[in-house]
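Asker: pasted the sequence and its predicted model underneath.
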Amino acid sequence: MSGILNIIKDRTLTYEQKIVSLARAAENTLSVLPISKEIQEYRREGIICDLNEGNAPYRPRYIVPDYERFMRQGSEFLRLKPARDIWEATNNLLILYSHVPSVTTMPVYVGNLDTLLEPFIKDEEEAYKAVRLFLMHLDRTVTDSFCHANIGPGATKAGRLILRAEKELQDAVPNLTIKYSKDTPEEFALEAVETALVSAKPSFANHEMFVNDFGINYSIASCYNGLPIGGGSYTLARLVLARLAKQSNNAGHFLEEVLPEAVSKMCEFMNQRIRFIVEESGFFESSFLVDESLIYKDRFTAMFGMVGLAECVNHLLGAKEQKDRFGHNDAANALGQRIIERMHQLVSEHNNQYCKATDGRFLLHAQVGIDTDYGISPGCRIPIGEEPEIYEHLLQSAPFHKYFPSGIGDVFSFDETVKRNPAYLLDIIKGGFSEGLRYISFYASDSDLIRITGYLVKKSDMKALQQGRQALHDTVALGLGAVQNSRILERKVRHNG
Amino acid sequence: MAEALVNKILPFSSVDGPGNRTVIFFQGCNFNCLYCHNPETINRCTACGICLDVCPAGALRSRNGSIEWNSANCTGCDACLAACPGKSSPKAVSMTVNDVMKTVEKVKPFISGITVSGGECTMQKEFLAELFEAVHKLGLTAYVDTNGYIDFSKEPELTFAMDKAMLDIKSYDEGEHKMLTGMSNATVLKNAEYLANKQKLYEIRTVIVPGILDNYRNVAEVSRLIAKLDADIRYKLIRFRPVGVSGDIKKVGIPSDELMAELKKTAEKNGCRYVSVV
């Protein structure tokens, strides 16, 4: 019980953060999931990890409500009528957000905000004020930067107002993605690039690629997770390839024995979690989101996460020098692809009856790491400190993206002088997407707000927390851990040439 | 197939024309500017061999009367450039159009086009025309970064083959231009007019050097010229930086923000629509 008392006495936690931590501690006193000895062993070794989901999951990890439907019908449970103007629209949304559960207790998806608000943009200056206050309200009350909004792919007045406000506010919340397609007007895309160079968002999602995987009703939630609207993901567990690789010394053995065994055990672990949520927790029988058709059980899937491909490949090849390592060597890159292909095949062979949104299959997810990871690179990324030139980096990374509908992406830091030429960055984005890149994020090297791995944190907030002061957003602590353990602030700055 | 001496290829650049561009730096220049920040691009290598002794990586050797550079061994320390008494580089490579296109094709999805620079790229103008044809076949654009010494009106093939030029007007004054570059600015100014009339002038640049050049006059005159020709031509005012330069000019300070802002204001007041300071 000393852990609980420590939470209560912790002076760096806000009141809200204490309540969330206490709830988590309470949940973790239970042991309701029948987890085999083999799985426990993998968990003990840190090879399989539940990413803080807790021992008794009582809601899906990521919930992606159908906000379009909510705007049309209002909510009986919340006693809300459909909005008639921008003030009612933003007010309705903010009310609903506080009732959308997730692993963080806060909503990880807040809608395709531009199309949701566009019908209400009459007087643009009044609308700007409403949009700005709405975004500020989100930042100060949804105190977790895994909260994600989407805009695009079309240009709208509301989309422009959101970009303008983000440029001015430079807040960590919400995370923001522009769905970018070949039909996205150039000018709108350039405005998005300009905004990202000031406020580290939006990221760019390859719209055609996501539509191909999910159909038009997809969202980008949490870090960069592609998920079906009106559903979400029950769970996200991850396989730490960097640690799993240690069980083997050659690629053949790893691919044929070590990996299949671990994948099978992780699927079993995920099955147990999903079964508890669906069959025992009562979530789907007791949420007004279900009653009002804002989410459907059959639009849920589950995410099979992985991290540390680079370290796994380098271990299996015994690659010490940079020229032999993942990201720099053709054979190392090819082994990386073989591992992911094999993993994709193994995961696709597994069936879970409740993942109806994806025909019973789990979706691969390139997980971005957690604050305590040390020497483990996110997903399939090249380790920080070993990044090649940007064009080589993009060409190396792109072939992995097709395997990860539920999220993968690269983060780049650009020298601030790039602000003078946003078309330069848009060219890079277009090129990346044409080469098969799914998702790309970037920020300027002089920005206070930066992308850690998949979420945004202000450098100044991390500094304050380090000095023992509280941080409003719980993600500041995660960012600080990642900075200390994963060299985030040493990410290669892309200068001209 | 034509060959050219290439100093370096930069796959991605954000500062050499619209969008992202691959920049090919050619070896050799017909100016000798006091403030040149890459003097190793000015002359062709005479194979004097002085650099052989300073290379710490064994990347250089003398063979058949020329210096051979082994890029795999090179660590990029540039000791050879520092030792070169002839403002040249042993690392310049003779390339065919196909050689250059290999790099361009590799990065093609990511770029709007290429920019040829230098040195002074127009000294190898036959090569450029051929290169641009290959580049256009890929749907990319070809920009020329030039000091304007050659007379474009007498080079119809090159002028036709390129999309647009970016032209340095280093000084508006003939005497000052000679003092700075060793050459006259007569064709430079003529080219500005000729290329603008052909809608082939993307940008004009002037480097600002306090205490050495009459910066106010240069910016005032050039901006008036732009406004007269086509106010949409970009005007880039470049701060002098002592990086890479040699000689007394090293001691000149970087122009202040105030000076640059004032010059920008002058150019805008004179009617230029797109003035930038770098």
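Answerer: Thanks, I have the structure now.

Asker: now do the buried residues in the top strand by length along chain B.
Answerer: With secondary structure taken from DSSP state E, chain B has its longest strand at strand B:3-13. For strand B:3-13, burial by neighbour count (16 or more other Cβ atoms under 10 Å in any protein chain shown) applies to B:4, B:5, B:6, B:7, B:8, B:9, B:10, B:11, B:12, B:13. The C-beta positions use only the backbone N, C-alpha and C, and glycine is treated the same way.

Asker: heading C-terminal from the host helix or strand of residue B:225, find the next helix or strand.
Answerer: Here residue B:225, judged by DSSP states H and E, is contained in helix B:215-229. Downstream of helix B:215-229, the first helix or strand assigned by DSSP H and E is strand B:234-239.

Asker: what lines up beside that following strand in the sheet?
Answerer: strand B:201-208 (parallel), strand B:275-277 (parallel) (DSSP bridges).

Asker: got the angle between the longest one and helix B:215-229?
Answerer: Compare the direction of strand B:201-208 with that of helix B:215-229 by axes from the mean of the first three to the mean of the last three Cα atoms, to 10 degrees and you get 170 degrees.

Asker: tell me the secondary structure at residue B:143.
Answerer: With DSSP: H, G, I helix; E, B strand; the rest coil as the basis, residue B:143 sits in strand.

Asker: might one say that residue B:118 is in contact with residue B:30?
Answerer: No. Residue B:118 sits out of contact with residue B:30 when judged by Cβ atoms under 8 Å, with a separation of 9.6 Å.

Asker: more neighbours: which of the two?
Answerer: Taking other Cβ atoms under 10 Å in any protein chain shown, residue B:118 and residue B:30 do not tie; residue B:118 has more neighbours (24 against 16).

Asker: which residue sits closest to the more buried one, ignoring its sequence neighbours?
Answerer: The shortest distance from residue B:118 to any non-neighbouring residue, by Cβ to Cβ, 6 or more residues apart in numbering or on different chains, is to residue B:26 (4.7 Å).

Asker: next up, the contacts around the residue of chain B found nearest chain A.
Answerer: Across chain B, the shortest distance to chain A (Cβ to the nearest Cβ) belongs to residue B:110, at 3.1 Å. The contact partners of residue B:110, by Cβ atoms under 8 Å, 6 or more residues apart in numbering or on different chains, come to A:391, A:394, A:427, A:428, A:430, A:431, A:432, B:12, B:20.

Asker: and the helices in chain B, which stretches?
Answerer: Along chain B, counting by DSSP state H, helices occupy B:50-54, B:79-83, B:97-107, B:125-137, B:156-161, B:174-181, B:186-197, B:215-229, B:257-269.

Asker: for the last one, what is the average pLDDT?
Answerer: Along helix B:257-269, the predicted confidence averages to a pLDDT of 97.

Asker: who wins on neighbours among the contacts of residue B:110?
Answerer: Neighbour counts for the contacts of residue B:110, by other Cβ under 10 Å, peak at residue A:428, which reaches 30 neighbours.

Asker: phi, psi of it?
Answerer: Residue A:428 adopts backbone torsions of phi -70, psi -40, taken as degrees, to the nearest 10.

Asker: nearest to residue A:438, out of the helices of chain B?
Answerer: Nearest to residue A:438, of all the helices of chain B, is helix B:97-107, at 20.0 Å by Cβ to Cβ.

Asker: give me the domain ranges for the chain.
Answerer: Reading this off chain A. A:1-30, A:33-60+A:228-408, A:68-224+A:409-497 (automatic domain parsing).

Asker: chain B was what I was after
Answerer: Domain segmentation of chain B under automatic domain parsing yields B:3-40+B:94-277, B:45-83.

Asker: is the shortest one anywhere near chain A?
Answerer: Right, the one you point to is domain B:45-83. No. Judged by Cβ under 8 Å from any Cβ of the partner chain, domain B:45-83 and chain A are separated, with a smallest distance of 10.2 Å.

Asker: what of stretch B:152-163?
Answerer: No. Counting by Cβ under 8 Å from any Cβ, chain A has no neighbours in stretch B:152-163; the shortest distance is 15.0 Å.

Asker: buried sites along that stretch?
Answerer: For stretch B:152-163, burial by neighbour count (16+ other Cβ under 10 Å) applies to B:152, B:155, B:158, B:159, B:161, B:162, B:163.

Asker: also stretch A:445-462?
Answerer: Within stretch A:445-462, the residues that count as buried by 16+ other Cβ under 10 Å are A:445, A:447, A:449-458, A:461-462.

Asker: restricted to helices, list the residues you listed.
Answerer: Secondary structure from DSSP H places A:461, A:462 of these in helices.

Asker: hmm, back to that, closest to chain B out of the domains of chain A?
Answerer: Checking the domains of chain A against chain B by Cβ to the nearest Cβ gives domain A:68-224+A:409-497 as the closest, at 3.1 Å.

Asker: is chain B within reach of that closest one?
Answerer: Yes. Under the criterion of Cβ under 8 Å from any Cβ, chain B is reached by domain A:68-224+A:409-497 at A:417-418, A:420-421, A:423-428, A:430-432, A:434-435, A:496-497.

Asker: burial count for residue B:48?
Answerer: The number of residues packed near residue B:48 is 14, by other Cβ under 10 Å.

Asker: what sits against it?
Answerer: For residue B:48, the contacting residues are B:85, B:86, by Cβ under 8 Å, 6+ apart.

Asker: for it, grab phi and psi.
Answerer: Dihedral angles of residue B:48 (phi, psi; degrees, to the nearest 10) stand at phi -70, psi -30.

Asker: gap between it and residue B:100?
Answerer: For residue B:48, the distance to residue B:100 (Cβ to Cβ, to the nearest Å) stands at 27 Å.

Asker: most neighbours per residue, which of the domains of chain B?
Answerer: Of all those, domain B:3-40+B:94-277 carries the top mean neighbour count, a mean of 19, counting by mean count of other Cβ atoms under 10 Å in any protein chain shown.

Asker: what's the first-to-last distance across it?
Answerer: End-to-end distance for domain B:3-40+B:94-277, by Cα to Cα, to the nearest Å: 36 Å.

Asker: what of stretch B:86-103?
Answerer: Stretch B:86-103 has an end-to-end distance of 29 Å (criterion: Cα to Cα).

Asker: can you pull the residues of chain B lying near chain A?
Answerer: With Cβ under 8 Å from any Cβ as the criterion, chain B comes near chain A at residues B:10-15, B:18-20, B:23, B:106-112, B:276, B:278.

Asker: let me know the pLDDT of the residue of chain B most remote from its centre.
Answerer: Distance from the C-alpha centroid of chain B, by Cα atoms, centre = their mean, peaks at residue B:64 (31.0 Å). Model confidence at residue B:64, expressed as pLDDT, equals 88.

Asker: what do you get for residue A:142?
Answerer: You'll see residue A:142 listed with a pLDDT of 95.

Asker: do the same with residue A:269
Answerer: pLDDT for residue A:269: 98.

Asker: one step back: of the domains of chain B, which is nearest residue A:315?
Answerer: Ranking these by proximity to residue A:315 (Cβ to Cβ) places domain B:45-83 first, at 26.9 Å.

Asker: measure the closest one end to end?
Answerer: 13 Å.

Asker: next one: it to chain centre, how far?
Answerer: 24 Å (Cα atoms, centre = their mean, to the nearest Å).

Asker: show me what from the stretch 301-450 of chain A comes close to chain B.
Answerer: Residues of the stretch 301-450 of chain A found near chain B (Cβ under 8 Å from any Cβ) are A:389-391, A:394-395, A:417-418, A:420-421, A:423-428, A:430-432, A:434-435.

Asker: so which of the residues you listed belong to strands?
Answerer: The members of those all map outside strands under DSSP E.

Asker: so which of these belong to helices?
Answerer: Counting by DSSP H, these place A:390-391, A:394-395, A:423-428, A:430-432, A:434 in helices.

Asker: closest to residue A:219 among those residues?
Answerer: The closest of those to residue A:219 turns out to be residue A:432 (Cβ to Cβ; 21.2 Å).
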